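In: quick one: sequence and predicted model below, then my questions.
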There are 2 protein chains.
Amino acid sequence: MPVLVMKFGGTSVANLDRIARASKRVAREVANGFDVIVIVSAMSGKTNELVGWVDETSPMYDAREYDAIVSSGEQVTAGLMALRLQEMDIPARSWMGWQVPVRTTSAHSAARINEIPTDNIAAKFGEGMRVAVVAGFQGLGDDGRITTLGRGGSDTTAVAFAAAFGAERCDIYTDVDGVYTTDPRLTNKARKLDRIAYEEMLELASLGAKVLQTRSVELAMRFKVRLRVLSSFEEYNPEAGTLVCDEEDIVEKNVVSGVAYQRDEAKMTLISIADRPGIAAAIFVPLAEAGVNVDMIVQNISEEGRTDMTFSCPVNQVARAEAAMQAAKTSGEINFHDLVADTGVAKVSVVGIGMRSHAGVAAKMFDVLSREGINIKIITTSEIKISVLIDRKYMELAVQALHDAFELEKAA
Amino acid sequence: MPVLVMKFGGTSVANLDRIARASKRVAREVANGFDVIVIVSAMSGKTNELVGWVDETSPMYDAREYDAIVSSGEQVTAGLMALRLQEMDIPARSWMGWQVPVRTTSAHSAARINEIPTDNIAAKFGEGMRVAVVAGFQGLGDDGRITTLGRGGSDTTAVAFAAAFGAERCDIYTDVDGVYTTDPRLTNKARKLDRIAYEEMLELASLGAKVLQTRSVELAMRFKVRLRVLSSFEEYNPEAGTLVCDEEDIVEKNVVSGVAYQRDEAKMTLISIADRPGIAAAIFVPLAEAGVNVDMIVQNISEEGRTDMTFSCPVNQVARAEAAMQAAKTSGEINFHDLVADTGVAKVSVVGIGMRSHAGVAAKMFDVLSREGINIKIITTSEIKISVLIDRKYMELAVQALHDAFELEKAA
C-alpha cells in the first residue's frame, strides 16, 4: 500500500481532545488506502517545561542528559495517539526514535539524521499494522544514547521518513493553514499560496516565516518529497494548505512569491580597519566561533589602505559580537578605530523563482522603498531573493508597499 | 570500588529541590568511596497524570502503549539527577531500562526481570563514572518494546541491581524513617526496628505495611541483598532506618517483631455445600479466575455429607466473588444453600521469627484478645505468623493490646 507521512505539531496534539481530532484525520487517510506514518511532537508546553527543569538544574547542561529528558515528551504523545487509534479499531503502534532506529550523529541536541532503516516498520505494515506513530525530534546516536535534532526537529523527522519510505506525500499539520505571500498580521492583503517551490520555501523559512524548519525543506528538496503544510484546526478538504514542491510542478508563477522580514536585526560596523588579504577571515572566523550568526556583509571601498566593514546579525548576539571583536583587537589579529552597533534595524526580502527570468525586480523594489522615503542600509541578493536592511520603524510600511507593488494579493 | 545501590521514591524526587537534596546524599556515598547506582522513580504525581491520560484515551488500553507512556516519568527524573550530580562535579550518567538493558519478560505492565547485564555500566565505572542514575520500574521485553514492572516496581529494580552488581547494600529512601513494630497511627508506643529479618519483612509487606514492594523483599531474601529502609526527609546518620537482613545478622530478637493489620477484609461463607473430593478446587479455581485474592480459608466439620466453607478476601472483591460463585452454582459445578458475606471484618497478625523457638505465642495472643472481649472468626498460622479475622470495630483495640502484651515498645 502507498505510504503517507503525517506530522502533527505541539498545538495539534496539545491535549487529549486534540489528539483525538488528529487521530480522525489519520483514520481518514487509512480509509483512503494509505499505510500511514505519523510523526508527533510533544504536547505543546511540555518541551518548554522539561527544558525549564534542565536549565534550572544545570545552566551549562550536558547535552546527552538534555536529550534523554526532553525526548520524553514525544514518547508520551506517540503512545497516546497509538492508543487513540486502537480505540478506533485501527491497528497502530508507537515507535520511539531508538526503536526504529533513527540513526543520527552523536551531536547531542543538534544531531543530524544519518539513516532510517525501513525494515522494522515495513514488516509491521506487512503484518497488518496500518499506522506507525513515531516520536519526532529524536534518534539514536552512535554512543547508544538518545539524541535530539534541535527545536522544531519533528518537521525534519517527518521529511526523512517520507524520503526513506518513498512516501506519496508528507503532510505537515500545524496551527496555520498554509504559506502566505507575507505575514497576515502585517497586511490583510496577504494571500495563501496553493503551491510554492522548494527554493522559495527555503528562503522564506530561513527568513523567519516560521512555518517549517529550514532543514526539513532542504531535505525535502534533496529527496523530492512533496510537502504539504496545512492547518489541523480547519475542516479538511483535499486542496487545503500549501504544497511545497518542485518548480516544474508549478504552472502559473508570479515573479515574486512572497515578502519576508526579520524584525530584530542589528547592523555593526568596524570603522577604519586595515585592508589587507585575509582581513575578512580575521573578522568572521572569531565571530563564528563566538556563535554569532552573521547574515549580510558589506565592505566599503578602501582608502589609503583602510576600509570599513559592516555586517548584520540578530540583536541578541550584539554583545557576543562586540566581545569577540574587542578580543581580536586586543590579541592584535585585527585593528580598527571604532565599532558602531545600530540595534534598530530590520530585514525585508522579496522572494520568487520568477526573478530568474525577469529583470527589473531589484530596481522596482528600490524604487518602491524610495517613494516611501525608506533609506536602504545594506543590500544582498541571490538568484531568487533580494534583501534590504532598513530602519525597524519602517518595516511594516516596507512590507505593505512591496506586497502592493508586486500585486501579491492576486494569484498568477 | 564497592558498589552501593540507592533508591529514591516519588516523594523523594518530587521537584528540583528534592532532587538536589537526594543528590547530596548520593554525593556523600561517593565521598565514602562507593560507586553508586541510583534507582529513581518518577516525580510524585507524574505517573498518576500519565496513567490518567491513558485511562481517558483508552479504558481497555494496550499494555504495550501504557508502558511506553508511563515509563517516561522515570526517564525525566534520571536525566535531571544526572545533571544535578554533574553540577556537583560528580561524573554521572543516566540510563533508561532499554539502555542497560534490564531484560524482562514481555508481560507488559507486570513484567518480571530476567537479567541485568552489568558490562555496560561496569565499563563506565571503569572509565571514571561514579554514579549511574537508572530509571526504575522499567525494562526491555523480548519484543524490543519498553516494559514496566507494575506499580512500586522501582524497589524491585533497586534490589535486582544490587544483586546483579554484588552491591554492599541497597538503601531504599522513602517518606517513612523505617519499619515499625506496628502502624504509629494506631499507637504511640510503636517503635522503629533497627533490624528485621527478610522473612518477617515479607510477612509485614504482604500484610499491608506499605514500606516495600513484596517482590523486592523476596528478591532480596533470595540473593541475600542487605536492604535498608530510611527517610529522605531526615538528617542522615549511619544508623538511620531499618536494615532488612538475614536472620543470623540479628543478635537480639524479640519473640514477636511486629503487629500488622489489614482493615478492609470481608468474610464469605458458602453454607451447606456438598462435601466431596475436589470441592475445594471447584470453589477456588473460579474465584482465582475471577481475580479474587482469597486469603484465609476454613472448612467446617462435615455433617451428613454437607459442610460450610468460609474464606476471606478484600472487601472490594466481594461482588466479583459472589458473581463467580453464583455462576458456578448455575453451571452445576458446585451446589450450596446460601452465600453469606460479612464485609465488616479486619485481619490482625503478629509476626516474628522468634516464634519458631518459642511456644505459647498463639495461646498468649488468643488470651489477650479474649480478655478484651474480641471474638475470633478465623485463625491461620505459619511458622512465623499468626493471623486472626475479627470485627473491624475492634481492630485498633486488638493491635494496641497485642503491642502491649508482647512488649514491643521495648527493644530486645
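Out: Here it is on my side, so go on.

In: show me which residues of stretch A:362-382 are buried.
Out: Within stretch A:362-382, the residues that qualify as buried by neighbour count (16 or more other C-beta atoms under 10 Å in any protein chain shown) are A:Lys364, A:Met365, A:Val368, A:Leu369, A:Ile374, A:Lys377, A:Ile378, A:Thr380. In this view, the C-beta of every residue, glycine as well, is placed from N, C-alpha and C.

In: out of those residues, who's nearest B:Asp119?
Out: The nearest member of the buried residues of stretch A:362-382 to B:Asp119, counting by C-beta to C-beta, is A:Thr380 at 55.3 Å.

In: what about the closest one, which SS state?
Out: Secondary structure state of A:Thr380, per DSSP: H, G, I helix; E, B strand; the rest coil, is strand.

In: per-residue pLDDT of it, please?
Out: With respect to pLDDT, A:Thr380 has a value of 88.

In: for it, give its distance to A:Phe284.
Out: From A:Thr380 over to A:Phe284 the distance is 15 Å, taken as C-beta to C-beta, to the nearest Å.

In: which of the buried residues of stretch A:362-382 fall in helices?
Out: Of the positions in those, A:Lys364, A:Met365, A:Val368, A:Leu369 sit in helices, assigned by DSSP state H.

In: give me the subset of the buried residues of stretch A:362-382 touching chain B.
Out: Filtering the buried residues of stretch A:362-382 for proximity to chain B (criterion: C-beta under 8 Å from any C-beta of the partner chain) leaves nothing.

In: could the ones in helices among the buried residues of stretch A:362-382 be laid out in JSON lines, adding distance to A:Gly166 and pLDDT?
Out: Putting these into JSON lines (distance: C-beta to C-beta, whole Å; pLDDT from 0 to 100) gives the following:
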{"residue": "A:Lys364", "distance to A:Gly166": "42", "pLDDT": "92"}
{"residue": "A:Met365", "distance to A:Gly166": "41", "pLDDT": "93"}
{"residue": "A:Val368", "distance to A:Gly166": "44", "pLDDT": "94"}
{"residue": "A:Leu369", "distance to A:Gly166": "46", "pLDDT": "94"}
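
In: any stretches of chain A with poor pLDDT?
Out: A:151, A:206-209 (pLDDT under 70).

In: what does it put close to chain B?
Out: Taking C-beta under 8 Å from any C-beta as the criterion, the contact residues of chain A with chain B come out as A:16, A:19-20, A:50, A:53-54, A:56-58, A:61-62, A:64-66, A:68-69, A:72-73, A:75-76, A:78-80, A:82-84, A:86-87, A:93-94, A:96, A:98-99, A:144-146.

In: show me the residues you listed that map onto helices.
Out: Taking DSSP H, the ones among these that sit in helices are A:16, A:19-20, A:50, A:53-54, A:56-57, A:64-66, A:68-69, A:72-73, A:75-76, A:78-80, A:82-84, A:86-87.

In: got a markdown table for the ones in helices among the buried residues of stretch A:362-382, with distance to B:Ser231 too?
Out: A markdown table is the format used below for those (distance: C-beta to C-beta, whole Å):
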| residue | distance to B:Ser231 |
| --- | --- |
| A:Lys364 | 76 |
| A:Met365 | 71 |
| A:Val368 | 73 |
| A:Leu369 | 71 |
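
In: tell me the one among the residues you listed nearest to B:Ala321.
Out: A:Met365 (83.0 Å).

In: the closest one reaches A:His403, doesn't it?
Out: No - with contacts counted by C-beta atoms under 8 Å, A:Met365 stays clear of A:His403, the gap being 11.6 Å.

In: show me where chain A has helices.
Out: Along chain A, the segments classed as helices by DSSP H run A:16-31, A:46-57, A:63-70, A:72-87, A:119-126, A:153-164, A:198-206, A:214-223, A:279-289, A:318-330, A:361-371, A:395-405.

In: A:Ile250: which of these is closest?
Out: Proximity of the helices of chain A to A:Ile250 was assessed by C-beta to C-beta; the nearest stretch is helix A:198-206, lying at 9.3 Å.

In: using CSV, list the CA coordinates for the closest one.
Out: Extracted C-alpha coordinates of helix A:198-206, given in CSV (Å, rounded to 0.1, in the frame of the first residue of the first chain):
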residue,chain,number,x,y,z
TYR,A,198,11.3,24.3,-2.5
GLU,A,199,13.8,27.0,-3.2
GLU,A,200,11.3,29.8,-2.4
MET,A,201,10.2,28.0,0.8
LEU,A,202,13.8,27.6,1.8
GLU,A,203,14.4,31.4,1.5
LEU,A,204,11.2,32.1,3.4
ALA,A,205,11.9,29.6,6.1
SER,A,206,15.4,30.9,6.7
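
In: other residues contacting that helix?
Out: Among residues not part of helix A:198-206, those counted as contacts by C-beta atoms under 8 Å, 6 or more residues apart in numbering or on different chains are A:179, A:196, A:211-214, A:217-218, A:220-221, A:227, A:244-247, A:257-258, A:260, A:349, A:351-353, A:382, A:384-385.

In: could you rerun that using 7 Å?
Out: A:179, A:211-212, A:214, A:217-218, A:220-221, A:244, A:246, A:257-258, A:260, A:351-353, A:384-385 (C-beta atoms under 7 Å, 6 or more residues apart in numbering or on different chains).

In: again, but for stretch A:82-90
Out: Counting contacts by C-beta under 7 Å, 6+ apart, the residues outside stretch A:82-90 that touch it are A:19-20, A:23, A:26-27, A:30, A:92-94, A:130-131, A:133, B:54, B:57-58, B:61-62, B:65.

In: how about stretch A:54-70?
Out: When contacts are taken as C-beta under 7 Å, 6+ apart, the neighbours of stretch A:54-70 outside the stretch itself are A:47, A:50-51, A:108-109, A:145-148, B:16, B:75-76, B:79-80, B:82-84, B:86-87, B:94.

In: please consider this matter closed, and thank you.
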